[in-house]
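A.B. asks: Got a predicted structure plus its sequence, pasted below:
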2 protein chains.
Amino acid sequence: MKYDTSKPMTKNAKRTLGSFCIALNELLKTDGFDNISVNKICEKAGYPRATFYNYFDDKYDLLEFFWTHIINMKVLVNLPEKIEPDNFMRNVYDKVYEFGVENQENCRAIFYKNKGENYFMNSLRYNLRDFVYKFYQKYEKDMPKGDLPDDLRREHFVDVVALVLNYRFIKGKNWDREETYRYFRALLKE
Amino acid sequence: MKYDTSKPMTKNAKRTLGSFCIALNELLKTDGFDNISVNKICEKAGYPRATFYNYFDDKYDLLEFFWTHIINMKVLVNLPEKIEPDNFMRNVYDKVYEFGVENQENCRAIFYKNKGENYFMNSLRYNLRDFVYKFYQKYEKDMPKGDLPDDLRREHFVDVVALVLNYRFIKGKNWDREETYRYFRALLKE
DNA sequence: TATGGTTTTTTACATTTGTCAAAATTCCAG
DNA sequence: CTGGAATTTTGACAAATGTAAAAAACCATA
(Lines give C-alpha, C1' and ligand atoms only; values in the text may rest on other atoms or scores of the structure.)
Protein backbone atom coordinates (compact mmCIF):
# COMPACT_ATOMS: atom_id res chain seq x y z
CA MET A 1 0.00 0.00 0.00
CA LYS A 2 1.44 3.35 -1.05
CA TYR A 3 -0.90 5.46 1.06
CA ASP A 4 -0.19 5.70 4.77
CA THR A 5 -3.33 4.37 6.45
CA SER A 6 -1.97 4.76 9.97
CA LYS A 7 -2.52 8.52 10.16
CA PRO A 8 -6.09 9.92 10.04
CA MET A 9 -7.41 10.20 6.49
CA THR A 10 -8.35 13.45 4.78
CA LYS A 11 -11.81 13.81 3.26
CA ASN A 12 -10.29 13.64 -0.22
CA ALA A 13 -8.39 10.46 0.36
CA LYS A 14 -11.47 8.82 1.88
CA ARG A 15 -13.57 9.70 -1.14
CA THR A 16 -10.96 8.45 -3.60
CA LEU A 17 -10.29 5.21 -1.72
CA GLY A 18 -14.04 4.69 -1.48
CA SER A 19 -14.46 5.17 -5.23
CA PHE A 20 -11.84 2.55 -5.98
CA CYS A 21 -13.49 0.09 -3.57
CA ILE A 22 -16.90 0.61 -5.16
CA ALA A 23 -15.42 0.26 -8.63
CA LEU A 24 -13.71 -3.00 -7.63
CA ASN A 25 -16.92 -4.29 -6.08
CA GLU A 26 -18.87 -3.56 -9.25
CA LEU A 27 -16.28 -5.20 -11.48
CA LEU A 28 -16.11 -8.28 -9.26
CA LYS A 29 -19.75 -8.88 -10.13
CA THR A 30 -19.28 -8.69 -13.90
CA ASP A 31 -15.68 -9.83 -14.52
CA GLY A 32 -13.73 -12.38 -12.49
CA PHE A 33 -10.83 -10.97 -10.48
CA ASP A 34 -8.27 -12.24 -13.00
CA ASN A 35 -9.93 -10.31 -15.80
CA ILE A 36 -10.02 -7.03 -13.91
CA SER A 37 -7.26 -4.65 -14.98
CA VAL A 38 -6.15 -1.48 -13.27
CA ASN A 39 -7.36 0.29 -16.40
CA LYS A 40 -10.90 -0.98 -15.94
CA ILE A 41 -10.91 -0.10 -12.26
CA CYS A 42 -9.85 3.47 -12.98
CA GLU A 43 -12.31 3.86 -15.82
CA LYS A 44 -15.13 2.68 -13.55
CA ALA A 45 -13.94 4.87 -10.67
CA GLY A 46 -13.45 7.92 -12.89
CA TYR A 47 -9.80 8.55 -12.03
CA PRO A 48 -6.69 8.42 -14.23
CA ARG A 49 -4.46 5.44 -13.65
CA ALA A 50 -1.71 7.36 -11.92
CA THR A 51 -4.13 8.24 -9.14
CA PHE A 52 -4.66 4.56 -8.49
CA TYR A 53 -0.93 4.10 -8.14
CA ASN A 54 -0.73 6.90 -5.61
CA TYR A 55 -2.73 4.73 -3.26
CA PHE A 56 -2.05 1.13 -4.21
CA ASP A 57 0.82 -0.98 -5.50
CA ASP A 58 -1.46 -3.02 -7.76
CA LYS A 59 -4.89 -4.58 -7.89
CA TYR A 60 -3.94 -7.22 -5.32
CA ASP A 61 -3.14 -4.42 -2.93
CA LEU A 62 -6.53 -2.86 -3.58
CA LEU A 63 -8.27 -6.18 -2.91
CA GLU A 64 -6.50 -6.39 0.43
CA PHE A 65 -7.63 -2.88 1.33
CA PHE A 66 -11.12 -3.76 0.16
CA TRP A 67 -11.36 -6.63 2.68
CA THR A 68 -9.92 -4.59 5.53
CA HIS A 69 -12.34 -1.82 4.68
CA ILE A 70 -15.32 -4.17 4.81
CA ILE A 71 -14.15 -5.90 8.00
CA ASN A 72 -13.60 -2.63 9.84
CA MET A 73 -16.60 -0.71 8.51
CA LYS A 74 -19.25 -3.39 8.23
CA VAL A 75 -18.42 -6.32 10.46
CA LEU A 76 -16.33 -5.24 13.44
CA VAL A 77 -18.89 -2.70 14.64
CA ASN A 78 -21.34 -2.65 17.55
CA LEU A 79 -19.47 -5.43 19.33
CA PRO A 80 -20.42 -6.08 22.97
CA GLU A 81 -17.87 -5.05 25.58
CA LYS A 82 -17.48 -8.58 26.85
CA ILE A 83 -18.57 -12.02 25.70
CA GLU A 84 -18.53 -15.43 27.38
CA PRO A 85 -15.79 -17.64 25.86
CA ASP A 86 -18.47 -20.28 25.39
CA ASN A 87 -20.37 -17.90 23.17
CA PHE A 88 -17.43 -16.81 21.06
CA MET A 89 -18.39 -18.97 18.12
CA ARG A 90 -22.03 -17.87 18.30
CA ASN A 91 -21.05 -14.22 18.19
CA VAL A 92 -18.71 -14.66 15.25
CA TYR A 93 -21.25 -16.79 13.43
CA ASP A 94 -23.98 -14.21 13.95
CA LYS A 95 -21.81 -11.39 12.68
CA VAL A 96 -20.95 -13.19 9.46
CA TYR A 97 -24.53 -14.38 9.02
CA GLU A 98 -25.92 -10.87 9.47
CA PHE A 99 -23.46 -9.49 6.96
CA GLY A 100 -24.40 -12.18 4.48
CA VAL A 101 -28.10 -11.42 4.83
CA GLU A 102 -27.66 -7.67 4.54
CA ASN A 103 -25.51 -7.95 1.42
CA GLN A 104 -27.17 -10.94 -0.11
CA GLU A 105 -27.35 -10.06 -3.81
CA ASN A 106 -23.92 -8.48 -3.80
CA CYS A 107 -22.26 -11.47 -2.11
CA ARG A 108 -24.08 -13.95 -4.30
CA ALA A 109 -23.03 -12.19 -7.52
CA ILE A 110 -19.40 -11.88 -6.48
CA PHE A 111 -19.27 -15.50 -5.33
CA TYR A 112 -20.79 -16.73 -8.53
CA LYS A 113 -18.37 -14.85 -10.75
CA ASN A 114 -15.25 -15.69 -8.72
CA LYS A 115 -15.72 -19.24 -7.49
CA GLY A 116 -13.08 -20.42 -9.97
CA GLU A 117 -10.64 -17.58 -9.34
CA ASN A 118 -7.81 -18.99 -7.31
CA TYR A 119 -6.25 -15.80 -6.06
CA PHE A 120 -9.54 -14.23 -5.10
CA MET A 121 -10.85 -17.22 -3.17
CA ASN A 122 -7.58 -17.65 -1.29
CA SER A 123 -7.60 -14.01 -0.39
CA LEU A 124 -11.20 -14.31 0.79
CA ARG A 125 -10.43 -17.29 3.01
CA TYR A 126 -7.37 -15.60 4.39
CA ASN A 127 -9.32 -12.48 5.27
CA LEU A 128 -12.13 -14.44 6.84
CA ARG A 129 -9.47 -15.88 9.12
CA ASP A 130 -8.08 -12.43 9.73
CA PHE A 131 -11.52 -11.24 10.76
CA VAL A 132 -11.75 -14.05 13.31
CA TYR A 133 -8.27 -13.14 14.51
CA LYS A 134 -9.24 -9.51 15.12
CA PHE A 135 -12.43 -10.62 16.81
CA TYR A 136 -10.47 -12.96 19.06
CA GLN A 137 -7.95 -10.27 19.97
CA LYS A 138 -10.71 -8.09 21.36
CA TYR A 139 -11.72 -10.78 23.86
CA GLU A 140 -8.43 -12.61 24.28
CA LYS A 141 -7.91 -11.63 27.91
CA ASP A 142 -11.07 -13.52 28.94
CA MET A 143 -10.33 -16.66 26.96
CA PRO A 144 -9.36 -19.86 28.80
CA LYS A 145 -5.63 -20.56 29.07
CA GLY A 146 -3.82 -23.89 28.96
CA ASP A 147 -0.26 -25.15 29.10
CA LEU A 148 0.49 -24.48 25.43
CA PRO A 149 2.50 -21.46 24.27
CA ASP A 150 0.10 -18.51 24.06
CA ASP A 151 0.65 -17.74 20.41
CA LEU A 152 0.23 -21.34 19.34
CA ARG A 153 -3.02 -21.69 21.26
CA ARG A 154 -4.36 -18.45 19.80
CA GLU A 155 -3.51 -19.48 16.24
CA HIS A 156 -5.12 -22.85 16.72
CA PHE A 157 -8.30 -21.39 18.16
CA VAL A 158 -8.56 -18.97 15.25
CA ASP A 159 -7.81 -21.76 12.76
CA VAL A 160 -10.65 -23.84 14.11
CA VAL A 161 -13.18 -21.02 13.99
CA ALA A 162 -12.04 -20.03 10.49
CA LEU A 163 -12.24 -23.64 9.33
CA VAL A 164 -15.81 -24.03 10.53
CA LEU A 165 -16.89 -20.66 9.11
CA ASN A 166 -15.24 -21.50 5.81
CA TYR A 167 -17.20 -24.73 5.55
CA ARG A 168 -20.44 -23.05 6.57
CA PHE A 169 -20.28 -19.82 4.60
CA ILE A 170 -17.80 -20.23 1.76
CA LYS A 171 -18.15 -23.91 0.90
CA GLY A 172 -21.86 -23.40 1.56
CA LYS A 173 -22.76 -26.30 3.90
CA ASN A 174 -26.28 -25.96 5.17
CA TRP A 175 -25.50 -26.15 8.89
CA ASP A 176 -27.60 -24.22 11.36
CA ARG A 177 -26.14 -22.29 14.25
CA GLU A 178 -26.30 -25.19 16.70
CA GLU A 179 -24.71 -27.72 14.40
CA THR A 180 -21.95 -25.29 13.51
CA TYR A 181 -21.35 -24.64 17.17
CA ARG A 182 -21.23 -28.38 17.96
CA TYR A 183 -18.45 -28.92 15.40
CA PHE A 184 -16.51 -26.03 16.83
CA ARG A 185 -16.67 -27.54 20.33
CA ALA A 186 -15.75 -30.99 19.05
CA LEU A 187 -12.67 -29.73 17.19
CA LEU A 188 -11.50 -27.84 20.26
CA LYS A 189 -12.31 -30.94 22.36
CA GLU A 190 -13.53 -28.80 25.23
CA MET B 1 -0.62 -23.38 -16.17
CA LYS B 2 -0.59 -23.43 -19.96
CA TYR B 3 1.27 -26.71 -20.29
CA ASP B 4 -0.69 -29.91 -19.72
CA THR B 5 1.10 -31.65 -16.85
CA SER B 6 -1.30 -34.59 -16.73
CA LYS B 7 0.11 -36.36 -19.77
CA PRO B 8 3.69 -37.71 -19.67
CA MET B 9 6.26 -35.01 -20.40
CA THR B 10 8.64 -35.04 -23.34
CA LYS B 11 12.37 -34.72 -22.73
CA ASN B 12 12.29 -31.19 -24.14
CA ALA B 13 9.51 -29.97 -21.92
CA LYS B 14 11.21 -31.44 -18.87
CA ARG B 15 14.45 -29.65 -19.64
CA THR B 16 12.71 -26.33 -20.27
CA LEU B 17 10.53 -26.51 -17.17
CA GLY B 18 13.61 -27.46 -15.18
CA SER B 19 15.54 -24.46 -16.48
CA PHE B 20 12.77 -22.10 -15.44
CA CYS B 21 12.64 -23.63 -11.95
CA ILE B 22 16.39 -23.31 -11.52
CA ALA B 23 16.29 -19.74 -12.77
CA LEU B 24 13.51 -18.88 -10.32
CA ASN B 25 15.41 -20.52 -7.48
CA GLU B 26 18.53 -18.51 -8.26
CA LEU B 27 16.62 -15.24 -8.49
CA LEU B 28 14.79 -15.90 -5.22
CA LYS B 29 18.18 -15.81 -3.51
CA THR B 30 19.20 -12.44 -4.95
CA ASP B 31 15.95 -10.53 -5.54
CA GLY B 32 12.77 -10.80 -3.51
CA PHE B 33 9.83 -12.42 -5.31
CA ASP B 34 8.17 -9.06 -5.93
CA ASN B 35 11.23 -7.78 -7.78
CA ILE B 36 11.49 -10.78 -10.06
CA SER B 37 10.09 -10.11 -13.51
CA VAL B 38 9.36 -12.62 -16.24
CA ASN B 39 12.09 -10.86 -18.19
CA LYS B 40 14.69 -11.64 -15.55
CA ILE B 41 13.57 -15.25 -15.27
CA CYS B 42 13.90 -15.77 -19.01
CA GLU B 43 17.25 -14.05 -19.18
CA LYS B 44 18.56 -16.29 -16.40
CA ALA B 45 17.02 -19.41 -17.97
CA GLY B 46 18.27 -18.53 -21.46
CA TYR B 47 14.91 -18.62 -23.20
CA PRO B 48 12.94 -15.86 -24.93
CA ARG B 49 9.91 -14.63 -23.04
CA ALA B 50 7.40 -16.23 -25.37
CA THR B 51 8.73 -19.65 -24.37
CA PHE B 52 7.93 -18.88 -20.76
CA TYR B 53 4.36 -18.07 -21.71
CA ASN B 54 4.02 -21.38 -23.54
CA TYR B 55 4.31 -23.07 -20.17
CA PHE B 56 3.08 -20.64 -17.55
CA ASP B 57 0.43 -17.94 -17.20
CA ASP B 58 2.72 -15.70 -15.17
CA LYS B 59 5.39 -15.80 -12.48
CA TYR B 60 2.83 -16.78 -9.82
CA ASP B 61 2.01 -19.80 -11.89
CA LEU B 62 5.68 -20.72 -12.10
CA LEU B 63 6.05 -20.39 -8.33
CA GLU B 64 3.16 -22.81 -7.88
CA PHE B 65 4.79 -25.31 -10.24
CA PHE B 66 8.08 -24.80 -8.41
CA TRP B 67 6.54 -25.91 -5.09
CA THR B 68 4.73 -28.87 -6.62
CA HIS B 69 7.95 -29.87 -8.31
CA ILE B 70 9.88 -29.77 -5.05
CA ILE B 71 7.18 -31.57 -3.08
CA ASN B 72 6.86 -34.38 -5.61
CA MET B 73 10.54 -34.74 -6.49
CA LYS B 74 12.25 -34.08 -3.21
CA VAL B 75 9.89 -34.64 -0.30
CA LEU B 76 7.19 -37.14 -1.18
CA VAL B 77 9.69 -39.89 -2.06
CA ASN B 78 10.73 -43.08 -0.28
CA LEU B 79 7.69 -43.03 1.95
CA PRO B 80 6.93 -46.18 3.96
CA GLU B 81 3.94 -48.22 2.81
CA LYS B 82 2.19 -47.80 6.15
CA ILE B 83 2.70 -45.68 9.25
CA GLU B 84 1.12 -45.76 12.70
CA PRO B 85 -1.29 -42.82 13.15
CA ASP B 86 0.56 -42.01 16.35
CA ASN B 87 3.71 -41.51 14.33
CA PHE B 88 2.20 -39.36 11.63
CA MET B 89 3.61 -36.16 13.04
CA ARG B 90 7.03 -37.69 13.53
CA ASN B 91 7.17 -38.83 9.93
CA VAL B 92 6.11 -35.48 8.52
CA TYR B 93 8.50 -33.68 10.84
CA ASP B 94 11.40 -35.88 9.80
CA LYS B 95 10.69 -35.38 6.10
CA VAL B 96 10.68 -31.60 6.39
CA TYR B 97 13.70 -31.63 8.70
CA GLU B 98 15.69 -33.81 6.30
CA PHE B 99 14.83 -31.55 3.40
CA GLY B 100 15.89 -28.50 5.40
CA VAL B 101 19.23 -30.04 6.28
CA GLU B 102 19.97 -31.20 2.74
CA ASN B 103 19.17 -27.79 1.25
CA GLN B 104 20.40 -25.66 4.09
CA GLU B 105 22.18 -22.80 2.32
CA ASN B 106 19.59 -22.58 -0.41
CA CYS B 107 16.66 -22.44 2.03
CA ARG B 108 18.41 -19.97 4.28
CA ALA B 109 19.19 -17.60 1.41
CA ILE B 110 15.66 -17.72 0.00
CA PHE B 111 14.13 -17.22 3.45
CA TYR B 112 16.35 -14.29 4.19
CA LYS B 113 15.56 -12.49 0.95
CA ASN B 114 11.80 -13.16 1.05
CA LYS B 115 10.78 -12.90 4.69
CA GLY B 116 9.06 -9.57 3.96
CA GLU B 117 7.45 -10.69 0.70
CA ASN B 118 3.79 -11.21 1.41
CA TYR B 119 2.82 -13.21 -1.62
CA PHE B 120 5.80 -15.51 -1.42
CA MET B 121 5.42 -16.31 2.26
CA ASN B 122 1.69 -16.99 1.90
CA SER B 123 2.37 -19.26 -0.99
CA LEU B 124 5.04 -21.07 1.02
CA ARG B 125 2.70 -21.60 3.98
CA TYR B 126 -0.08 -22.74 1.72
CA ASN B 127 2.16 -25.26 0.01
CA LEU B 128 3.53 -26.54 3.29
CA ARG B 129 -0.07 -27.28 4.19
CA ASP B 130 -0.63 -28.87 0.81
CA PHE B 131 2.34 -31.13 1.42
CA VAL B 132 0.84 -32.26 4.73
CA TYR B 133 -2.47 -32.80 2.94
CA LYS B 134 -0.90 -35.08 0.33
CA PHE B 135 1.01 -36.90 3.04
CA TYR B 136 -2.20 -37.41 4.99
CA GLN B 137 -4.09 -38.69 1.95
CA LYS B 138 -1.59 -41.48 1.50
CA TYR B 139 -2.35 -42.83 4.98
CA GLU B 140 -5.91 -41.62 5.45
CA LYS B 141 -7.51 -45.07 5.49
CA ASP B 142 -5.57 -45.98 8.66
CA MET B 143 -6.30 -42.75 10.52
CA PRO B 144 -8.67 -42.79 13.50
CA LYS B 145 -12.27 -41.79 12.77
CA GLY B 146 -14.71 -39.88 14.97
CA ASP B 147 -18.25 -38.57 14.75
CA LEU B 148 -17.37 -35.45 12.78
CA PRO B 149 -17.94 -35.15 9.03
CA ASP B 150 -14.97 -36.80 7.29
CA ASP B 151 -13.85 -33.77 5.31
CA LEU B 152 -14.02 -31.47 8.30
CA ARG B 153 -11.94 -33.85 10.44
CA ARG B 154 -9.36 -34.23 7.68
CA GLU B 155 -9.04 -30.49 7.19
CA HIS B 156 -8.63 -29.94 10.89
CA PHE B 157 -5.99 -32.61 11.25
CA VAL B 158 -4.03 -31.13 8.37
CA ASP B 159 -4.47 -27.63 9.79
CA VAL B 160 -3.00 -28.68 13.10
CA VAL B 161 0.02 -30.37 11.57
CA ALA B 162 0.61 -27.43 9.23
CA LEU B 163 0.28 -24.98 12.13
CA VAL B 164 2.90 -26.78 14.18
CA LEU B 165 5.26 -27.19 11.23
CA ASN B 166 4.83 -23.55 10.34
CA TYR B 167 5.84 -22.50 13.84
CA ARG B 168 8.75 -24.91 13.94
CA PHE B 169 10.22 -24.45 10.47
CA ILE B 170 8.98 -21.17 9.04
CA LYS B 171 8.66 -19.00 12.11
CA GLY B 172 11.83 -20.74 13.29
CA LYS B 173 11.00 -21.84 16.85
CA ASN B 174 13.72 -23.99 18.29
CA TRP B 175 11.58 -26.95 19.26
CA ASP B 176 13.01 -30.43 19.11
CA ARG B 177 11.09 -33.39 17.70
CA GLU B 178 9.55 -34.40 21.04
CA GLU B 179 8.36 -30.93 21.97
CA THR B 180 6.87 -30.44 18.53
CA TYR B 181 5.13 -33.76 18.82
CA ARG B 182 3.74 -32.88 22.27
CA TYR B 183 2.13 -29.70 20.94
CA PHE B 184 0.60 -31.64 18.09
CA ARG B 185 -0.97 -34.14 20.50
CA ALA B 186 -2.20 -31.39 22.79
CA LEU B 187 -3.88 -29.48 19.96
CA LEU B 188 -5.62 -32.63 18.77
CA LYS B 189 -6.51 -33.40 22.43
CA GLU B 190 -5.95 -37.09 21.87
C1' DT C 1 -8.97 37.03 0.70
C1' DA C 2 -4.01 36.60 -0.20
C1' DT C 3 -0.12 33.32 0.85
C1' DG C 4 2.68 29.43 1.49
C1' DG C 5 3.03 24.76 2.43
C1' DT C 6 0.97 20.30 1.94
C1' DT C 7 -1.75 16.87 -0.31
C1' DT C 8 -3.82 15.07 -4.43
C1' DT C 9 -4.21 14.62 -9.32
C1' DT C 10 -2.43 14.44 -13.76
C1' DT C 11 0.54 14.06 -17.90
C1' DA C 12 3.98 11.77 -20.25
C1' DC C 13 7.19 8.11 -20.47
C1' DA C 14 9.79 3.70 -20.02
C1' DT C 15 9.16 -0.90 -18.82
C1' DT C 16 6.80 -5.18 -18.51
C1' DT C 17 3.25 -8.23 -19.83
C1' DG C 18 0.86 -11.49 -22.58
C1' DT C 19 -0.59 -13.15 -27.42
C1' DC C 20 -0.27 -14.73 -32.09
C1' DA C 21 1.12 -16.81 -36.01
C1' DA C 22 5.16 -18.13 -38.37
C1' DA C 23 9.58 -20.64 -38.17
C1' DA C 24 12.32 -24.21 -36.38
C1' DT C 25 12.86 -28.42 -34.32
C1' DT C 26 11.63 -32.96 -32.81
C1' DC C 27 9.09 -37.20 -33.33
C1' DC C 28 7.76 -41.24 -35.54
C1' DA C 29 5.56 -44.35 -39.02
C1' DG C 30 6.70 -46.33 -43.27
C1' DC D 1 16.62 -42.62 -44.11
C1' DT D 2 12.54 -39.65 -45.15
C1' DG D 3 8.44 -36.87 -45.26
C1' DG D 4 4.62 -35.21 -42.83
C1' DA D 5 2.49 -34.38 -38.26
C1' DA D 6 3.10 -32.70 -33.72
C1' DT D 7 5.58 -30.12 -30.57
C1' DT D 8 8.47 -26.37 -29.19
C1' DT D 9 10.59 -22.03 -29.94
C1' DT D 10 10.70 -17.51 -31.57
C1' DG D 11 10.08 -12.45 -33.16
C1' DA D 12 7.02 -8.93 -33.44
C1' DC D 13 3.11 -6.62 -31.75
C1' DA D 14 -0.66 -4.46 -28.80
C1' DA D 15 -1.96 -3.74 -24.25
C1' DA D 16 -1.18 -3.07 -19.37
C1' DT D 17 1.84 -1.69 -15.76
C1' DG D 18 4.29 1.32 -12.82
C1' DT D 19 7.02 5.88 -12.03
C1' DA D 20 8.60 10.65 -11.88
C1' DA D 21 7.92 15.15 -11.89
C1' DA D 22 4.82 18.96 -13.13
C1' DA D 23 0.25 20.98 -12.27
C1' DA D 24 -3.75 21.69 -9.61
C1' DA D 25 -6.50 21.64 -5.52
C1' DC D 26 -6.81 22.13 -0.72
C1' DC D 27 -6.34 24.30 3.73
C1' DA D 28 -4.64 26.74 7.65
C1' DT D 29 -3.16 31.21 8.96
C1' DA D 30 -2.27 36.06 8.64
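C.D. replies: The structure has been received and is ready for your questions.

A.B. asks: Look up the closest residue to A:R49, ignoring the ones flanking it.
C.D. replies: Using C-beta to C-beta, 6 or more residues apart in numbering or on different chains and skipping the chain neighbours, the partner closest in space to A:R49 is A:C42 (4.9 Å). From N, CA and C alone the C-beta is placed, and that goes for glycine too.

A.B. asks: now swap in A:S123 and tell me
C.D. replies: Nearest non-adjacent residue to A:S123, counting by C-beta to C-beta, 6+ apart: A:L63, 5.8 Å away.

A.B. asks: does that neighbour belong to a helix or a strand, and which?
C.D. replies: Assigned by DSSP states H and E, A:L63 falls within helix A:59-70.

A.B. asks: Helix or strand next in line after that helix, which one?
C.D. replies: Counting by DSSP H and E, the next helix or strand C-terminal to helix A:59-70 is helix A:88-102.

A.B. asks: Report all helices and strands that that next one contacts.
C.D. replies: Secondary-structure packing of helix A:88-102 (3 or more C-beta pairs under 8 Å, 6 or more residues apart in numbering or on different chains; DSSP states H and E): helix A:118-139, helix A:150-165, helix A:177-188.

A.B. asks: Now do the same contact list for the residue of chain A positioned farthest from its centre.
C.D. replies: The centre of chain A is farthest from one residue, A:D147, which by C-alpha atoms, centre = their mean lies 30.7 Å away. For A:D147, the contact set (C-beta atoms under 8 Å, 6 or more residues apart in numbering or on different chains) comprises B:A186.

A.B. asks: Where does it sit: helix, strand or coil?
C.D. replies: Secondary structure for A:D147, judged by DSSP: H, G, I helix; E, B strand; the rest coil, is coil.

A.B. asks: For chain A, which residues are neighbours of chain B?
C.D. replies: With the criterion set to C-beta under 8 Å from any C-beta of the partner chain, chain A comes near chain B through A:60, A:119, A:122, A:126, A:146-149, A:151-152, A:155-156, A:159-160, A:163-164, A:167, A:183, A:186-189.

A.B. asks: Derive a ChimeraX selection command for the buried subset of those.
C.D. replies: A single ChimeraX command selects the buried members of those (16 or more other C-beta atoms under 10 Å in any protein chain shown):
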select /A:60,119,126,152,155,156,159,160,163,164,167,183,186,187,188
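
A.B. asks: mind showing which ranges of chain A have poor pLDDT?
C.D. replies: Applying pLDDT under 70 to chain A picks out residues A:190.

A.B. asks: how's it carved up into domains?
C.D. replies: A:11-68, A:79-188 (automatic domain parsing).

A.B. asks: Mind putting these into TSV with distance to B:L24?
C.D. replies: Below are these laid out as TSV (distance: least, C-beta to C-beta, whole Å):
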stretch	distance to B:L24
domain A:11-68	19
domain A:79-188	19
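
A.B. asks: Point out the one among those domains that comes closest to B:R15.
C.D. replies: With C-beta to C-beta as the criterion, B:R15 lies closest to domain A:79-188 of these, at 27.5 Å.

A.B. asks: near DNA strand C, which residues of chain A?
C.D. replies: Within reach of DNA strand C by C-beta under 7 Å from any atom of the strand, chain A has these residues: A:3, A:9-10, A:12-13, A:15-16, A:47-51, A:54.

A.B. asks: and DNA strand D, which of those reach it?
C.D. replies: Among these, the residues within reach of DNA strand D (C-beta under 7 Å from any atom of the strand) are A:10, A:12, A:49-50.

A.B. asks: Report the closest residue of chain A relative to DNA strand C.
C.D. replies: The nearest approach of chain A to DNA strand C comes at A:A50, 3.0 Å away (C-beta to the nearest atom of the strand).

A.B. asks: Could you double-check that A:Y47 sits in contact with A:G18?
C.D. replies: No: with contacts counted by C-beta atoms under 8 Å, A:Y47 stays clear of A:G18, the gap being 11.6 Å.

A.B. asks: Which one's more surrounded, the two?
C.D. replies: Taking neighbours as other C-beta atoms under 10 Å in any protein chain shown, A:Y47 and A:G18 compare with A:Y47 leading, 17 against 13.

A.B. asks: ok, the more buried one - contacts?
C.D. replies: Going by C-beta under 8 Å, 6+ apart, A:Y47 touches A:16, A:19-20.

A.B. asks: For A:A109, grab the count of nearby residues.
C.D. replies: A:A109: 15 neighbours (other C-beta under 10 Å).

A.B. asks: what residues does chain A put near DNA strand D?
C.D. replies: So chain A meets DNA strand D at A:10-12, A:37-39, A:49-50, A:53, A:57-59 (C-beta under 7 Å from any atom of the strand).

A.B. asks: swap the cut-off to 6 Å and go again
C.D. replies: A:10-12, A:37-39, A:49-50, A:53, A:58 (C-beta under 6 Å from any atom of the strand).

A.B. asks: Let me have those in TSV, extended by distance to B:G32, neighbour count and secondary structure.
C.D. replies: Shown next, in TSV, are the residues of chain A next to DNA strand D (distance: C-beta to C-beta, whole Å; neighbours: other C-beta atoms under 10 Å in any protein chain shown; DSSP: H, G, I helix; E, B strand; the rest coil):
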residue	distance to B:G32	neighbour count	secondary structure
A:T10	32	9	coil
A:K11	36	7	helix
A:N12	32	8	helix
A:S37	24	13	coil
A:V38	22	15	helix
A:N39	26	10	helix
A:R49	25	12	helix
A:A50	25	8	helix
A:Y53	20	14	helix
A:D58	15	11	coil
